[in-house]
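Novice: Mind looking at a prediction? Sequence and model below.
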Protein chains: 2
Amino acid sequence: MVTVAIDAMGGDFGPEPIIDGLIDALDERKFKAILVGDQDAILSYLPQFYADHIEIVHCTDVVSMSDAATDALKRKDSSIYKAVELVRDGKANAVVSAGHSGATMTLATLRIGRLPHVNKPPLATLMPNISGQKSLLLDVGAVTDCKPRNLYEFAVMGKAYAQEVMGINRPRIGLLSNGEEDSKGDELTKETFPLLKEITGFVGNVEGRDIFNGSVDVIVTDGFTGNIVLKTSEGVAYTIIELMRQNIKKSIPAKIGALLMKRKVFSNLKKQIDYAEYGGAPLLGLKGCAIVSHGSSNAKAIKNAIFQAIKFADSKIYDKIESELEKHK
Amino acid sequence: MVTVAIDAMGGDFGPEPIIDGLIDALDERKFKAILVGDQDAILSYLPQFYADHIEIVHCTDVVSMSDAATDALKRKDSSIYKAVELVRDGKANAVVSAGHSGATMTLATLRIGRLPHVNKPPLATLMPNISGQKSLLLDVGAVTDCKPRNLYEFAVMGKAYAQEVMGINRPRIGLLSNGEEDSKGDELTKETFPLLKEITGFVGNVEGRDIFNGSVDVIVTDGFTGNIVLKTSEGVAYTIIELMRQNIKKSIPAKIGALLMKRKVFSNLKKQIDYAEYGGAPLLGLKGCAIVSHGSSNAKAIKNAIFQAIKFADSKIYDKIESELEKHK
């Protein structure tokens, strides 16, 4: 049975949504959970029935959003450090944290360690698309300055995740660029292009809009561009919904219209684009599973991140990545 | 009076929407227009009254979307070549084209020429934001691989455009990065940061979401990232609207709701995010004005691009850019 270590303290809203999410997850699936954080705080949110079935690893320190990621290595009594350490020590198969994402990435990379053939572990994220499926974008912020070899490894890892965790048999892999033609790109992507041609399923350069139109399953980019793309997407979605809200407020017929559309349109749309439905962002290429959740995760986001961690930890993704990278050193 | 040369042939839908847009523009403002393209085709769409007041420069060749931008220099009888040449020769102050954007950029840069202190002319585009204002993103595709000096020049040119054409007295200028802290960025933006600190109005690093939240007026990035951001934004907006449309179709109350929301919500939203309202993308740093319009521009987009060209050509942006770049060589 998979064991998931959960950082109870790191989120923007304290332990409550994290523990609520864990309870919801335990109600739906069978797995072992270890909660890491202040025991009193945890027990004040955790009903006795669940407390009897969960291990708690007590600690008092929390790495906060204003702390530097580089300090995380020294914060040995922090909830994120101890949660990562459980994976390192083989006491858990996966760690989920809604805390400081830089700290989680640093600790997971340095303490759990990279798979032998991986140079830099990327952070991947699921994006909604128009076909109702999800596409995987990576890297979204772990490796800011990339070399072609990094992008090649991201493509291999993204493909393995799509196959082993997302259940896509033959993932289509695209290289994010400023045009679809083979000749398009900046220096980095032009040098990367021939490397990716070695990978079965590579469809060539793709554009920003292809992330959402269902034409590709895995989109490969450097962590600088990927991070900007991710935040741009959130910004556009928020802006459109906010502009509609402002317009609705100004008209009574529109208010009635919005009520009529609430259940079948707005609720569905929210479900289709809400990150809480998608779990968290998996850090790939490590000797264990680490899921980085949004700081403002609600209970549903945490529940889905735990399910994702279980699926990830239970998969053959590690072997797949290693055997593929070994072939093309 | 400003004279605008218009490439009548380049758009995806032929001369009709371009000529319709010009007619609408002539009905609203006073300026001189020169239409460049096949005379018979132009006259078949142009009522006699307007034909009497417009100069037509006849030519038969058209650079099509499938042609290479680099060939444009040899296509001396093409509509875009001749339209650009009118600006070079001082017969027009501005050129507007909805044709091959690479060809337009190449020709404008090489034939009209750069301002003395500009190394590479960037393509800028207006983005909608939540405050109902517009922000200027540049470069969105002219200069794929940039040096810090290029980004510095983009910032100076974007600021000048915001002041002289958009009418923003004290534009706030941001450097697009993967986080707001000064320490964030890739190699390029980290080297650029200290250069931008020399510019009054520089607010530091901004994130993808800041393009749309009204916190900044000018967003500076390289042409690779900017192009991806632009197409990602279009992709997200299209996806959200398409997902709503799909959801509306499935429910009768939702259909009624959508009807009630049509005028005050959806029409307003369309107006707020539709590129046709924004004109085209100005190419900055040249000795004349060039506006690159969307290939699928409708009459409204062309009309707004012409108005933008008039405002641009009538402004003091050239002096502003030169005096500012001269100060910090």
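Specialist: Everything's here; your move.

Novice: Need the residues that contact stretch A:319-329.
Specialist: For stretch A:319-329, the surrounding residues in contact (C-beta atoms under 8 Å, 6 or more residues apart in numbering or on different chains) are A:115-118, A:152-153, A:156-157, A:159-160, A:163-164, A:198, A:284-285. Where C-beta positions appear, they are placed from N, C-alpha and C, glycine not excepted.

Novice: and with 7 Å instead?
Specialist: A:115-118, A:153, A:156-157, A:160, A:163-164, A:198, A:285 (C-beta atoms under 7 Å, 6 or more residues apart in numbering or on different chains).

Novice: Go through that stretch and flag the buried ones.
Specialist: A:320-322, A:324-325 (16 or more other C-beta atoms under 10 Å in any protein chain shown).

Novice: Mind checking which of these land in helices?
Specialist: A:320-322, A:324-325 (DSSP state H).

Novice: would you list these in TSV and tack on distance to residue A:186 and pLDDT?
Specialist: Listed next are these as TSV, based on distance: C-beta to C-beta, whole Å; pLDDT from 0 to 100:
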residue	distance to residue A:186	pLDDT
A:320	30	93
A:321	26	95
A:322	30	94
A:324	26	92
A:325	24	93
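
Novice: which two of the residues you listed lie the greatest distance from each other?
Specialist: A:320 and A:325 (9.6 Å; C-beta to C-beta).

Novice: Helices along the stretch 101-250 of chain A, start to end?
Specialist: Secondary structure of the stretch 101-250 of chain A, counting by DSSP state H, counting those that start in this stretch: helices at A:101-107, A:148-164, A:187-196, A:223-249.

Novice: Can you check which of these gets nearest to residue B:85?
Specialist: helix A:187-196 (32.5 Å).

Novice: so what does that closest one touch, helix or strand wise?
Specialist: The contact analysis (3 or more C-beta pairs under 7 Å, 6 or more residues apart in numbering or on different chains; DSSP states H and E) places helix A:187-196 against helix A:148-164, strand A:173-176.

Novice: Please repeat the previous calculation with a cut-off of 8 Å.
Specialist: Packing partners of helix A:187-196 (3 or more C-beta pairs under 8 Å, 6 or more residues apart in numbering or on different chains; DSSP states H and E): helix A:148-164, strand A:173-176, strand A:202-206.

Novice: ok, so of the contacts of stretch A:319-329, who is nearest chain B?
Specialist: When the contacts of stretch A:319-329 are compared for distance to chain B (C-beta to the nearest C-beta), residue A:153 wins out at 18.1 Å.

Novice: Tally up the residues packed near that closest one, please.
Specialist: Neighbours of residue A:153 under the rule other C-beta atoms under 10 Å in any protein chain shown: 29.

Novice: Wait, it touches residue A:284, no?
Specialist: No. Between residue A:153 and residue A:284 there is no contact, the gap being 9.1 Å when judged by C-beta atoms under 8 Å.

Novice: which residues does the residue nearest the centre of chain A contact?
Specialist: In chain A, the residue lying closest to the centroid (C-alpha atoms, centre = their mean) is residue A:281, at 0.5 Å. Contact partners of residue A:281, counting by C-beta under 8 Å, 6+ apart, are A:101, A:123-125, A:140, A:291-293.

Novice: For residue A:37, see how far away it is.
Specialist: 21 Å (C-beta to C-beta, to the nearest Å).

Novice: Which other helices and strands does the helix or strand hosting residue A:6 contact?
Specialist: Using DSSP states H and E, residue A:6 falls within strand A:3-7. Applying 3+ C-beta pairs under 8 Å, 6+ apart, we find strand A:3-7 packed against helix A:15-28, strand A:32-37, helix A:79-88, strand A:94-97, helix A:299-313.

Novice: Please identify the most buried of the ones you listed.
Specialist: Greatest average neighbour count among these goes to strand A:94-97 (a mean of 31), per mean count of other C-beta atoms under 10 Å in any protein chain shown.

Novice: now for it, which elements pack on it?
Specialist: For strand A:94-97, the contact count by 3+ C-beta pairs under 8 Å, 6+ apart identifies strand A:3-7, helix A:79-88, strand A:289-292, helix A:299-313 as packing neighbours.

Novice: Not counting its own residues, what contacts it?
Specialist: Against strand A:94-97 from outside (C-beta under 8 Å, 6+ apart): A:2-7, A:10, A:79-80, A:83-84, A:86-87, A:104, A:108, A:112, A:280, A:288-293, A:302, A:305-306, A:309-310, A:312-313.
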